[in-house]
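Colleague: Any chance you can model this:
(2 chains)
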2 protein chains.
Amino acid sequence: MKIHKSLCHLALAAPMALAAQSGDTTKPNIIFFLVDDYGWSETSLPFGDKVYPQNLRFRTPNMERMAKKGVMLTNAYACPVSTPTRTCLMTGMNPAHMGITSFISLYKDIQPDAIGGHPGATNPNESDIFAHPEWNYNALCPAHLEGEKDLYGLNHTLYATPMPQLLRDAGYHTIHVGKAHWGPAGTPGSNPYNMGFVVNIAGASNGHPKSYQPEDNFGNIPGKGDYGSVMNMSQYYGSNVHLTEAVTREALRTLDNPIRQHQPFFLYLSHYSNHTPIQRDNRFVQKYLDMGYDEGQARYASMVEGMDKSLGDVLDFLDERGIADNTILIFYSDNGGHSVGGEKGGELHTQNLPLREGKGSCYEGGIRVPMIVCWPGHVAPDTRINTPVSTEDFFPTFMELAGVENPQTVQTRDGESMVRLFTDGSEFVAEARKAGKIGSQAEANAFEVPASVSGLDPQRGLVFHFPHQLRFEDQDDIDFMSSLRKGDYKLVYRMHTGELELYNLRDDLGERNNIAAKNKKLVKSMAAELGSKLRGWNAPMPTVRATGKKVALPDEI
Amino acid sequence: MKIHKSLCHLALAAPMALAAQSGDTTKPNIIFFLVDDYGWSETSLPFGDKVYPQNLRFRTPNMERMAKKGVMLTNAYACPVSTPTRTCLMTGMNPAHMGITSFISLYKDIQPDAIGGHPGATNPNESDIFAHPEWNYNALCPAHLEGEKDLYGLNHTLYATPMPQLLRDAGYHTIHVGKAHWGPAGTPGSNPYNMGFVVNIAGASNGHPKSYQPEDNFGNIPGKGDYGSVMNMSQYYGSNVHLTEAVTREALRTLDNPIRQHQPFFLYLSHYSNHTPIQRDNRFVQKYLDMGYDEGQARYASMVEGMDKSLGDVLDFLDERGIADNTILIFYSDNGGHSVGGEKGGELHTQNLPLREGKGSCYEGGIRVPMIVCWPGHVAPDTRINTPVSTEDFFPTFMELAGVENPQTVQTRDGESMVRLFTDGSEFVAEARKAGKIGSQAEANAFEVPASVSGLDPQRGLVFHFPHQLRFEDQDDIDFMSSLRKGDYKLVYRMHTGELELYNLRDDLGERNNIAAKNKKLVKSMAAELGSKLRGWNAPMPTVRATGKKVALPDEI
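Modeller: Numbering: from 1, shown residues only, chains lettered A, B, ... in the order given. Have a look, this model is predicted:
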């Protein structure tokens, strides 16, 4: 009934909403440029206090160009793995609150923890110490389809009101292109149309393509394909168009229609890149080989450059169509870069240096990600903001941008809007620079925007939670961890040992110097905050095999 | 440059266009309900002058319900096979004019004549007598992408301005759901987005699903799938929702958005049913088995009833949303029913009785199809019109409905608008019935609407052309034929023998009594008309293997 009421309301409101784009900027276009498995330091645009060696290994001129036009968020976070970030974007809920704490499998009812998420795998629980937590491994289903749950035999599912549906109902033309990964095949969450997207290209349950290469038909090989093959891309089969290029071309083509119709659009441009399989982008790979990169490194660097080229195409498009000033473009990654598995070449566990570890970990390498926001005339150019923000902040941000004042959702949301941070925050930074308060990159990274300006408290606690095992083999600095970022400090909870570690990120970005023993009071208060959040959300926790009991929360040890 | 100009024009015109749905009916919604391989007599709604035995074998209550609300076109034609009809719908050109005269294969550059259209087949030309004609077997590419042809290595392709693009540019929300089949994978024509559809669900190069069954994931079986698997339907994998039902549900869900936005919509609801594979629709099959149907017959009848149930859901939806009066619903099939191959059970070559033969043939069984038009308040209910119409008439019809007065296309179009036939024509019939001029079904079928009323000359010549072989084995009454329908008469040209046959359909619907010998003058004039049309269009013609010469046109023998 609620839905029907809101339809009636919007039917009346629509003509005004549709007229919004022509001139006034109350409803800006939104392009959310989401990259997969892309680490914070894997770019020639340095997000740190200085240029680190990893920055020198990559070529991302368009990220540099975008940063010149907008603001870099140097302390932006995502969840440790993909599905939690992606479902959090849809719901505004912390993954621990959703009960969606790991990546989903391709097909429903297959618990993918530690099995790589592939149907047919038969060893669902590799940990000797811990048994699986109970979690929502069938992930997200839009609330309006809860009545159909018997049709799909759904359990272990979160029902929530998805963000794109609210944007669509607010007059936005909502477009999904690329990777979705919100629910396994056999569930409504696998279908972007159910999330409120008006257009879907290439999105389904799959978390990565079977291939990025057009000669492989992006995995759709007769007699070998499956639902990991990328859909809606058949025109490029057998061409020389890499998947990243194909996704970009198709995404930009979908914008013709809303631009012509004077309808504000929300483009969720979600690249499969840079997820495995790590394959050559033939346009860019040779120079990295010539520079002496090993095969894996060269492939990965070429994928990154292909993704960056896509960003350049988006920037060009906005300029060419004259809509840059009324379009907010957000660059973000769904988790840290992979640091295990070996496909990216180089030495394992070093991929995200200076950050510790990578994808799956609650150390910074798994969760801190590159983020840039560009909105000419609204966001001050060439600025840096160090206020910590995280995935759950996007939902209220998009609502504020779209002018949705009290979004009606069945779920309780966790994040806070970043709009004032982007606008007033970046302006505050620009003025400080003008006044000579900021000179070097290190000073820019250290300069704080007060809550009174941005509306966002820099001391706010951000929770990360991965009560799972990432791969077959146990990874000591990755599996079964939680962490809390709060101001300069980071509390890390290692479930295997029950250890609590404390780091001061201001002078120890790499989380090498555990200062817990010297700061017992702070450890206790941060453990209480982390424990209290997880307890209140009824967060999934593994069970200790030896005792049959759930692992204790950090404030219970 | 032309495209850019028209974009500018439309950008200004759009706000008015968008407001059009609220109240005035200058831009009605259009639902084009397209069924696959569905024969004229395979329905409990008799399109003939009386009820024929085939009509008694099927249960299609919703076609009956739709006919009660609208007008039946008893002499509606399609092309002998699928791709020519479907590309003709997009272009308004006769297939012989397009050079697209047979069905395409799944993948580009594979000439599918007589090989079933499946990649991997190695015997491209089974005819001992004739060699392949040169034709556009890479089918249709939207004209605006001609500049990209090198990207795909395209040849044997028609470039044309697609109808949905013009509707979209006229303010319509254009939605494609189901089978597309306009171009093979590896070409832009395989992607409905390129045709001007704003939304695509499940449309690609494939001409049929690998399976209709949800337990088969509609063909998307891990390690076995390919681009014949149906896309965008993953939520129904493993459910009990048949593909026909899934297509219907998804199609109706896409209408929420334009209804809410007060934007007129064009829904191209293109069922995969009733194409092979002939599989049970579990909701309906048992009663046919209980009635003694063989397995193939029961399966096929259950598929037909499932398709009819979908039509009922559309009719219900229009009523429930209160938009029936401003929505024109058109029911149509892409060619006649299959009469060979055996999957449908029963006796071969009898499936479309009283019509002769079936799919592929230029006899009536291959080309005459069920068509119904419903538009309350505009089309007189419960009426029949016998004016011959054909596929190329839809393009101008849609343009007139959308208020596009001079559609700008790169191609020269062939058809004529049917709008006045639907409206004034049906009204003329209703008044004649009121005046007692029409009583029985036979009288209704014989009653003529003059061109002065409908704008369409009942004596207009309609051309059908299939210079191919349908299957591996030669089918004498199907392969290598052309025909011309003109008033009561039908000229059939059999290329194998060079024979010209003439039938009077008014008293010989089954084309059993060849009256050519007694009507030499009429045969000559009709052969001249058919030959002249084919010559003017540079229609593809096979080559005689023995002589290396092209088969003669019907007026050259």
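Colleague: Next, count neighbours for residue A:436.
Modeller: A count of nearby residues for residue A:436, using other Cβ atoms under 10 Å in any protein chain shown, gives 7. For every residue, glycine as well, the C-beta is placed using N, CA and C.
Colleague: for residue A:335, same thing?
Modeller: 31.
Colleague: same check, this time on residue A:440
Modeller: 10.
Colleague: And it, how far from chain B?
Modeller: For residue A:440, the distance to chain B equals 46 Å [Cβ to the nearest Cβ, to the nearest Å].
Colleague: How far off centre is the lengthiest helix in chain A?
Modeller: Ranked by residue count and defined by DSSP state H, the top helix of chain A is helix A:295-321. Centroid displacement of helix A:295-321 relative to its chain, using Cα atoms, centre = their mean, to the nearest Å, is 18 Å.
Colleague: Going by contacts, tell me the helices and strands next to that helix.
Modeller: In this structure, helix A:295-321 packs against strand A:29-35, helix A:61-69, helix A:243-254, helix A:285-290, strand A:327-333, with contacts taken as 3 or more Cβ pairs under 8 Å, 6 or more residues apart in numbering or on different chains; DSSP states H and E.
Colleague: for the ones you listed, which one sits closest to chain B?
Modeller: helix A:243-254 (6.8 Å; Cβ to the nearest Cβ).
Colleague: What are the boundaries of the helices in the stretch 401-550 of chain A?
Modeller: Taking DSSP state H, counting those that start in this stretch as the criterion, the stretch 401-550 of chain A contains helices spanning A:419-420, A:426-434, A:441-446, A:451-454, A:520-536.
Colleague: Buried residues, the third one. List them.
Modeller: Same thing as helix A:441-446. The neighbour-count check on helix A:441-446 (16 or more other Cβ atoms under 10 Å in any protein chain shown) flags A:441, A:444-445 as buried.
Colleague: returning to what we had before: the helices of the stretch 401-550 of chain A: which one's closest to residue B:50?
Modeller: helix A:419-420 (70.6 Å; Cβ to Cβ).
Colleague: For that closest one, give the mean pLDDT please.
Modeller: Mean per-residue pLDDT for helix A:419-420: 98.
Colleague: And that helix, what does it pack against?
Modeller: helix A:394-401.
Colleague: For the helix it packs on, which helices and strands make contact with it?
Modeller: Here helix A:394-401 touches strand A:29-35, helix A:82-91, helix A:163-169, helix A:419-420, going by 3+ Cβ pairs under 8 Å, 6+ apart.
Colleague: so that helix versus strand A:29-35, what angle?
Modeller: Relative orientation of helix A:394-401 and strand A:29-35, computed by axes from the mean of the first three to the mean of the last three Cα atoms, to 10 degrees: 160 degrees.
Colleague: for stretch A:280-299, how far is the first residue from the last?
Modeller: End-to-end span of stretch A:280-299 (Cα to Cα, to the nearest Å): 4 Å.
Colleague: quick one: buried residues of that stretch?
Modeller: For stretch A:280-299, a neighbour-count test (16+ other Cβ under 10 Å) marks A:280-281, A:284-285, A:288-289, A:293, A:297-299 as buried.
Colleague: on that earlier part again, so which of the helices and strands packed on helix A:394-401 comes closest to residue B:142?
Modeller: Proximity to residue B:142, assessed across those by Cβ to Cβ, is greatest for strand A:29-35 (25.0 Å).
Colleague: Output the contacting helices and strands for the closest one.
Modeller: strand A:265-270, helix A:295-321, strand A:327-333, helix A:394-401.
Colleague: in the third one, what's buried?
Modeller: Under the neighbour-count criterion of 16+ other Cβ under 10 Å, strand A:327-333 has A:327-333 buried.
Colleague: Please convert those residues to JSON lines, extending it with distance to residue A:468.
Modeller: Compiled in JSON lines, the buried residues of strand A:327-333 are given as follows (distance: Cβ to Cβ, whole Å):
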{"residue": "A:327", "distance to residue A:468": "37"}
{"residue": "A:328", "distance to residue A:468": "34"}
{"residue": "A:329", "distance to residue A:468": "33"}
{"residue": "A:330", "distance to residue A:468": "28"}
{"residue": "A:331", "distance to residue A:468": "27"}
{"residue": "A:332", "distance to residue A:468": "23"}
{"residue": "A:333", "distance to residue A:468": "20"}
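Colleague: near chain B, from those residues?
Modeller: Of the residues in the buried residues of strand A:327-333, proximity to chain B by Cβ under 8 Å from any Cβ of the partner chain holds for none.
Colleague: so can I have a markdown table of the residues you listed showing pLDDT and distance to residue A:231?
Modeller: Output for the buried residues of strand A:327-333, formatted as a markdown table (pLDDT from 0 to 100; distance: Cβ to Cβ, whole Å):
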| residue | pLDDT | distance to residue A:231 |
| --- | --- | --- |
| A:327 | 98 | 27 |
| A:328 | 98 | 28 |
| A:329 | 98 | 26 |
| A:330 | 99 | 25 |
| A:331 | 99 | 25 |
| A:332 | 98 | 24 |
| A:333 | 98 | 23 |
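Colleague: residue closest to the middle of chain A?
Modeller: With the centre of chain A defined as its mean C-alpha position, the nearest residue by Cα atoms, centre = their mean is residue A:334, 2.5 Å away.
Colleague: and the residue lying closest to residue A:311 once chain neighbours are set aside, what is it in contact with?
Modeller: Among residues not flanking residue A:311 along the chain, residue A:62 sits closest, at 4.3 Å (Cβ to Cβ, 6 or more residues apart in numbering or on different chains). Taking Cβ atoms under 8 Å, 6 or more residues apart in numbering or on different chains as the contact definition, residue A:62 lies against A:308-309, A:311-312, A:315.
Colleague: cool, and residue A:516?
Modeller: Contacts for residue A:516 (Cβ under 8 Å, 6+ apart) come out as A:500-502, A:523.
Colleague: Hmm, residue A:395 and residue A:416 touching each other?
Modeller: No: the pair residue A:416 / residue A:395 is not scored as a contact, 9.7 Å apart, by Cβ atoms under 8 Å.
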